[in-house]
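Engineer: Pasting the sequence and the predicted coordinates here, then a few questions.
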Number of protein chains: 2
Amino acid sequence: MLSLRLTSFTHLFSPPTSAAVAHRSPAILRRRHHPLRQRPLASSFSAQSAAAETKDRVDNSKNRVTERVITPRSQDFNAWYLDVIANAELADYGPVRGTMVIRPYGYAIWEAIQEYLNVKFKETGHSNMYFPQFIPYSFIEKEASHVEGFSPELALVTIGGGKELEEKLVVRPTSETIVNHMFTQWIHSYRDLPLMINQWANVTRWEMRTKPFVRTLEFLWQEGHTAHATLEEAENEAIQMIDIYTRFAYEQAAIPVITGRKSKVETFAGAVKTYTIEAMMGDKKALQAGTSHNLGQNFARAFGTQFTDENGLREYVWQTSWAISTRFVGGIIMTHGDDAGLMLPPKIAPIQVVIVPIWKDDEKAAVLNAASSVKDVLQRSGIKVKLDDSDQRTPGWKFNFWEMKGVPLRIEIGPRDVASGSVVISRRDIPGKQGKVFGISMEPSNLEAYVKDKLDDIQSSLLEKAIAFRDSNIIDVSTYDELKAAISQGKWARGPWSASDEYELKVKEETGATIRCFPFEQPQGIKRCLMTGNPAEEVAIFAKSY
Amino acid sequence: MLSLRLTSFTHLFSPPTSAAVAHRSPAILRRRHHPLRQRPLASSFSAQSAAAETKDRVDNSKNRVTERVITPRSQDFNAWYLDVIANAELADYGPVRGTMVIRPYGYAIWEAIQEYLNVKFKETGHSNMYFPQFIPYSFIEKEASHVEGFSPELALVTIGGGKELEEKLVVRPTSETIVNHMFTQWIHSYRDLPLMINQWANVTRWEMRTKPFVRTLEFLWQEGHTAHATLEEAENEAIQMIDIYTRFAYEQAAIPVITGRKSKVETFAGAVKTYTIEAMMGDKKALQAGTSHNLGQNFARAFGTQFTDENGLREYVWQTSWAISTRFVGGIIMTHGDDAGLMLPPKIAPIQVVIVPIWKDDEKAAVLNAASSVKDVLQRSGIKVKLDDSDQRTPGWKFNFWEMKGVPLRIEIGPRDVASGSVVISRRDIPGKQGKVFGISMEPSNLEAYVKDKLDDIQSSLLEKAIAFRDSNIIDVSTYDELKAAISQGKWARGPWSASDEYELKVKEETGATIRCFPFEQPQGIKRCLMTGNPAEEVAIFAKSY
């Protein structure tokens, strides 16, 4: 059996260390869970935000959340990221080290990802199904050359029903082995092909350096698995799926990923080819946000997955697998967020428009009445809208709160607006007065059209901004010195490459950067390898990555 | 901490025995996986169907599936059930004993269940989220009186990242403990209440007697968890959720469940009250198909889940939990299926209408053309339709195949139909000529209306048939002798009950039947306990159950 590790989610240098449960008793748990005290191994809350959080926890008064402070992004990107996750209530730490509780607001983003992809998968002929998560250890052991590298990441069930098991069970880190075991029983002839399935599931990898969404002990994903009669079909499928991921990233998440092929060094062990989408985060580090593998016949040979072709001959099937995970939520946060907090593209925002009514005493009924009709108008036209009519908080507090939660549009309605039959609309992506327009008529068809138009604007604007950021941070290089200079500035380097694996590892060792991909989009003209000066057919992109 | 066992999915008498993986090497796996050889502990394929299956596996020729035989339901209900699951490709056995692979057709039924319930949960104010599946063993241990009864069902992770863990991790059997651990951190004041969440997840219980869908080592479910400021709110929530399950069962699955309250003996340990929906299967055994618990403050006290009320006092929250699982798919099979196989209610059928074209040689193009427009007409109107245009099988084979798969309506189109612009429509629920209507006009609006009308008819007809079956198999009893007689006939007994827990256990011991519930719908009038003759306020329903 070949390696099970989808490169997308594998931390290559996880040292196998003891994986203790962080806490023993609930009393301790509650105390230690506090952000001030519980610092994940690879990350910590900034002192500033932790202090704010402490104050928040202690002070239960009406305006406690206004006390929260998010570390400026430019000051400490990692602290900013964790602050946003905590303050926007996207996720929390689970009681077991490295695990994450995905809270409703974070989960709603994941649901938006699921809804889009699930439709695309079905449109392209895939069926959902479900495989058990317990895999006999012998399945994993089949390929001796890989079990050694893989076992550091496994969680093993050794006791079931109060007794020691005869064979340890692996909690699925990915499902190629069990999928092939079942495919072998379902595939008989060419008529059973292609077999194209997907599952939405949890997977477990015993990561030592964890970070919410980006790398957790357990995460959620979809894993597609297909079997075909020919190599060409499998290759087309692998390309089709990375294309779907690419379109999702651009059109829904407004993340201008660079799509390409992994180098041999970075290819999923066991795959013929690995395709990837690489996203540039706000700190310019690369995030591998989805992968699609042409597995060739490697797993088929390891598991004996054969079919009878039209000539009656027994052949091994050609396979693919492809996955996107809750890591993508981390990518959305780190692409669009700013010092004020989260900034969500309208197409994946759980709340697209928040209405904040503003009143004093006897104006309340009229204002709330108007706010409520505006809400109904927008809701009926399919817009995800929330009316924040709580009287626990001031309008100013609400402005900050919903900005921090990344809601794309805010509608303000005060007594004067009610009188004039209009509203004030503010864009999350354009701060201050520049993003604020007064006197938009409440008339339903006008308001609906205006809001939809503005949401479209924001969606394209976020993408354009991310494209500009990406392109201004990729440097074309033609020598190794230029590459080193680019990486040391924290940028991505793009240059012709035809050098050996050894040279690729040397770059990694010396600069910390890896080949993220050979992009599908290649420049014209004759190229010379930046390392060796030999002819090169392609440029590669080098970057530091998550 | 109180018991984690939702009574709905708990096999009370599972002996804790070794839970070996069934197989060691793939070669053996493939052989042993064969239905003929792999017999689950509590069930076996009938010799007849196994023989048919063997033939099927060996013979890869064009018509191999026609060789399949389903054991008649009346002959051996359990064998029939397993044959239907295998032949309709709903599920397969996983490599680890007691695990199940849910195949696309079976998973599509689960998706229909999810789609309906997910909307209802959100409409009633619940948010989806996700909790980690690994729970520190100490959480489970908190309630000493329950760990003893619970541990036989636990799967434990003891090795992670290649090292022995300091604390064993429980693979979630249900999430009350971890939910309360997190709630304690999120709930501060009455303003944070009610907190109403749900998760769709996999859960693991080390069951020894397994049966596909009905009881498996790992299954899929949703588990709702809520916290409230008052007992009344929690009680209302528990009732609201069992009502949603009841409506789902009647209106979508056409299963006329009996909804009621569990006896004290059968109440989820830790709950104040457990509500249940009980379904009568085709063999008249009861299936507990969903439960909703009013947990009172029991878990809150065990975990210290408190809030500050409007007077500034610290109070424990009041909680509920409620669940429906993939077990429900088993309930659908065992309620509606017949000797021909599966029979699916239109509202949850993955395919509502199958079109079978019938042609000879030169008629093919015209027939397929007509069939294809019929398909488009129905698809556009939102009907789930499949055109079986394969030329690998005869029309007769296709009729049998799609009947076995439980598709509610079949449309036949032959050359004469094309000529007359009409089709033939057959109902799955009315066998033979009686269910077949000729000469339905292909004219789109006519056809669409006819098909929708017939699907509605089938939906109600399946429910009526199931109600009639249920009601003819519940016997009103007023003495213990009458109860014993009813149970020995395999029926359900309904009679007044106010006797002690000891008497309840005596009934179980002597008849094998348990109190399924005290139904919400109670007869009028003064009642005397069937066991003691004392006044009784309610009737109870007794039955043998899965």
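Structural biologist: Yes, it's here.
Engineer: who are the neighbours in contact with A:P395?
Structural biologist: Contact analysis of A:P395 by Cβ atoms under 8 Å, 6 or more residues apart in numbering or on different chains lists A:V356, A:P357, A:I358, A:E412. The C-beta positions use only the backbone N, C-alpha and C, and glycine is treated the same way.
Engineer: and the first one, how many neighbours?
Structural biologist: Close neighbours of A:V356, defined as other Cβ atoms under 10 Å in any protein chain shown, add up to 26.
Engineer: close enough to count as contact, it and A:F399?
Structural biologist: Yes - the criterion here is Cβ atoms under 8 Å, and A:V356 meets it with A:F399 at 6.6 Å.
Engineer: anything in contact with each of the two?
Structural biologist: Common neighbours of A:V356 and A:F399 (Cβ under 8 Å, 6+ apart) are A:R410.
Engineer: With distance to A:E464 as extra columns, can I get the contacts of A:P395 in a markdown table?
Structural biologist: Formatted as a markdown table, the contacts of A:P395 follow (distance: Cβ to Cβ, whole Å):
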| residue | distance to A:E464 |
| --- | --- |
| A:V356 | 28 |
| A:P357 | 32 |
| A:I358 | 32 |
| A:E412 | 26 |
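Engineer: Among the residues you listed, which are located in strands?
Structural biologist: Counting by DSSP state E, the part of the contacts of A:P395 found in strands is A:V356, A:P357, A:E412.
Engineer: ok, now which ones touch the nearest residue to the second one once chain neighbours are set aside?
Structural biologist: When the adjacent residues along the chain are set aside, A:P357 lies closest to A:A371, with 4.2 Å between them (Cβ to Cβ, 6 or more residues apart in numbering or on different chains). Counting by Cβ under 8 Å, 6+ apart, A:A371 makes contact with A:I355, A:P357, A:L387, A:D389, A:I413.
Engineer: need the next SSE after the strand or helix carrying A:A371, C-terminal direction.
Structural biologist: Using DSSP states H and E, A:A371 maps to helix A:364-380. Counting by DSSP H and E, the next helix or strand C-terminal to helix A:364-380 is strand A:385-387.
Engineer: chain center to that following strand, what's the gap?
Structural biologist: Relative to its parent chain, strand A:385-387 has a centroid offset of 26 Å by Cα atoms, centre = their mean, to the nearest Å.
Engineer: need the helix or strand of chain A with the lowest average pLDDT.
Structural biologist: Of all helical and strand segments in chain A, the minimum by mean pLDDT, DSSP states H and E falls on helix A:26-33, at a mean of 32.
Engineer: Where does the residue nearest the centre of chain A sit: helix, strand or coil?
Structural biologist: Nearest to the mean C-alpha position of chain A, by Cα atoms, centre = their mean, lies A:F328 at 0.6 Å. At A:F328 the chain is in helix, as set by DSSP: H, G, I helix; E, B strand; the rest coil.
Engineer: show me what contacts it?
Structural biologist: A:F328 neighbours (Cβ under 8 Å, 6+ apart): A:I113, A:A253, A:A289, A:G290.
Engineer: Mind doing that once more with 6 Å?
Structural biologist: Applying Cβ atoms under 6 Å, 6 or more residues apart in numbering or on different chains, we find A:F328 in contact with A:I113, A:A289.
Engineer: Give me the distance between it and A:A279.
Structural biologist: 9 Å (Cβ to Cβ, to the nearest Å).
Engineer: Next, show the common contact partners of the two.
Structural biologist: By Cβ under 6 Å, 6+ apart, the residues touching both A:F328 and A:A279 are A:A289.
Engineer: Now the lengthiest helix in chain A: average pLDDT?
Structural biologist: As assigned by DSSP state H, the longest helix anywhere in chain A is helix A:444-472. Averaging pLDDT along helix A:444-472 gives 98.
Engineer: next SSE after that helix?
Structural biologist: Taking DSSP H and E, what comes next after helix A:444-472 is strand A:474-476.
Engineer: Show me what counts as buried in that next one.
Structural biologist: Neighbour counts over strand A:474-476 (16 or more other Cβ atoms under 10 Å in any protein chain shown) mark A:I474, A:I475 as buried.
Engineer: so what secondary structure elements neighbour it?
Structural biologist: strand A:492-496 (3 or more Cβ pairs under 6 Å, 6 or more residues apart in numbering or on different chains; DSSP states H and E).
Engineer: Mind giving me the packing neighbours of the strand it packs on?
Structural biologist: Checked by 3+ Cβ pairs under 6 Å, 6+ apart, strand A:492-496 has strand A:474-476, helix A:480-488, strand A:539-543 packed alongside it.
Engineer: tell me the angle the longest one makes with strand A:539-543.
Structural biologist: Read it as helix A:480-488. 40 degrees (axes from the mean of the first three to the mean of the last three Cα atoms, to 10 degrees).
Engineer: What residues of the helix holding A:A371 count as buried?
Structural biologist: By neighbour count on 16+ other Cβ under 10 Å, the buried set for helix A:364-380 is A:V367, A:L368, A:A370, A:A371, A:V374, A:K375, A:V377, A:L378.
Engineer: What of stretch A:462-471?
Structural biologist: A:L462, A:L463, A:K465, A:A466, A:R470.
Engineer: Does the second one touch A:A254 like I think?
Structural biologist: Yes - here A:L463 lies in contact with A:A254, judged by Cβ atoms under 6 Å, at a distance of 4.1 Å.
Engineer: rewinding a little: how much space is there between the residue nearest to the centre of chain A and chain B?
Structural biologist: 15 Å (Cβ to the nearest Cβ, to the nearest Å).
Engineer: And whichever residue of the stretch 201-350 of chain A sits closest to chain B, how far from B:W110?
Structural biologist: Closest approach between the stretch 201-350 of chain A and chain B, counting by Cβ to the nearest Cβ: A:W206, at 3.7 Å. Going from A:W206 to B:W110 by Cβ to Cβ gives 30 Å.
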